[in-house]
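**Q** here is my input; please provide its structure:
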Amino acid sequence: MLIQNTSEVPAQVVQEGIGIRWLITEKEGAPNFAMRVIELQPGVVFTPHHHPYEHEIYVLEGEGVVTNPDGDVGAIRPGVFVLVPPDEIHGYRNTGNQPLKFICVIPLQNQG
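**A** Coordinates of the predicted model:
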């Protein structure tokens, strides 16, 4: 069993103003899923992209919107969850004055 505080895991910068903390991966012994926390600074946009796998999001802190090529899809704030189906184009924008932080879970074989 692993019990650890998120703050003990260093954030990897993936784009200016965006960090990802890989909390659980195969290195920690997970057989099926990777869990990460994504952090967007105020005003930052996580560029729309897509993956060949689903992922689930649960918002911890801050405010933002989920986007796609047509624009804003929906508002997100603490307590909101999102299912992104495989190959669906999606992005995120922090619309608040504080960091937007959310848990993102993906199938382990698709880390990256």
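
**Q** what about the nearest residue to Q4 once chain neighbours are set aside, neighbour count?
**A** Leaving aside its sequence neighbours, Q4 sits nearest to L23 (C-beta to C-beta, 6 or more residues apart in numbering; 7.6 Å). (C-beta placed from N, C-alpha, C; glycine too.) L23: 20 surrounding residues under other C-beta atoms under 10 Å.

**Q** residue contacts, L23?
**A** With contact set as C-beta atoms under 8 Å, 6 or more residues apart in numbering, L23 has these partners: 4, 6, 9, 35-37.

**Q** mind running it again at 6 Å?
**A** Taking C-beta atoms under 6 Å, 6 or more residues apart in numbering, we find L23 in contact with 9, 35-36.

**Q** and the residue lying closest to N32 once chain neighbours are set aside, what are its phi and psi?
**A** Once flanking residues are discounted, N32 sits nearest to L108: 5.6 Å by C-beta to C-beta, 6+ apart. Dihedral pair for L108: phi -60, psi -40, per degrees, to the nearest 10.

**Q** then I57?
**A** The phi/psi pair for I57 (degrees, to the nearest 10) reads phi -130, psi 140.

**Q** is it in a bridge, and if so with what?
**A** As for beta bridges, I57 partners with V82, C104 under DSSP bridges.

**Q** with the one 4 residues further on instead?
**A** With beta bridges defined as DSSP bridges, E61 has these partners: K101.

**Q** touching, it and N97? I think so.
**A** No - using C-beta atoms under 6 Å, E61 makes no contact with N97, being 11.6 Å away.

**Q** what stretches of this protein score poorly on pLDDT?
**A** In the prediction, the chain carries residues with pLDDT under 70 at positions 110-112.

**Q** could you pull out the strands for it?
**A** Secondary structure of the chain (DSSP state E): strands at 12-15, 18-24, 33-40, 45-49, 55-61, 64-68, 71-76, 81-84, 90-94, 100-107.
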